[in-house]
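**Q** need coordinates for the following:
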Amino acid sequence: MKEISHDDRPPEPRSLYAMLFEGLPLEGETRLFILASTLDVLMTNFLINHASVASHLLFVESNPVARYFLDSWGFDGVIYFKFGLVAFVSLICQVIARSRVDLARRVLYFATALVVSVVAYSALLMVQSQ
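**A** Residues are numbered from 1 along each chain as shown. Now for the predicted structure:
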């Protein structure tokens, strides 16, 4: 009987047990993305609720979809919207990582860079308003 080599096959999908207890791929990159997104939410909250009162300037959410959630459900709506996007991007990257870890890593780095640029712009606005 001839043995079948598994070298030509893609790796088997990880079991749910392995994913839950051995960790997911790209955990470090995902943590950075979540941290940057948390800073974005905190800066948005500060600019809209605190800096507007202190500097007598009116800061608004420039993202029209996030502004819809802000106008409809208040700042809680913005939090749900932004972290819903974080969960969606993280989930998509985990799905991509099952077959192409390098591509998933690049997508996470790109998403993190976008969010960090928004945080940097918010920090610039905060400094200029004072």
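**Q** where does pLDDT dip in this protein?
**A** Along the chain, the model assigns pLDDT under 70 to residues 1-23, 51-55.
**Q** which residues touch the spatially most central residue of it?
**A** Closest to where the C-alpha atoms of the chain average out (CA atoms, centre = their mean) is Val86, at 3.6 Å. With contact set as CB atoms under 8 Å, 6 or more residues apart in numbering, Val86 has these partners: Phe33, Ile34, Ser37. From N, CA and C alone the C-beta is placed, and that goes for glycine too.
**Q** test my guess that Leu32 contacts Thr112.
**A** Yes: counting by CB atoms under 8 Å, Leu32 does reach Thr112; the two are 5.3 Å apart.
**Q** neighbour-wise, which of the two wins?
**A** Thr112 (20 against 17; other CB atoms under 10 Å).
**Q** now do the helices in the protein.
**A** Using DSSP state H, the helices of the chain run over 16-22, 27-45, 52-55, 64-97, 101-129.
**Q** just name the most buried of these.
**A** Each of the helices of the chain was scored by mean neighbour count; the highest is helix 27-45, a mean of 17, by mean count of other CB atoms under 10 Å.
**Q** which other helices and strands contact that helix?
**A** helix 64-97, helix 101-129 (3 or more CB pairs under 8 Å, 6 or more residues apart in numbering; DSSP states H and E).
**Q** distance of the residue nearest to the centre of the chain from Val119?
**A** 14 Å (CB to CB, to the nearest Å).
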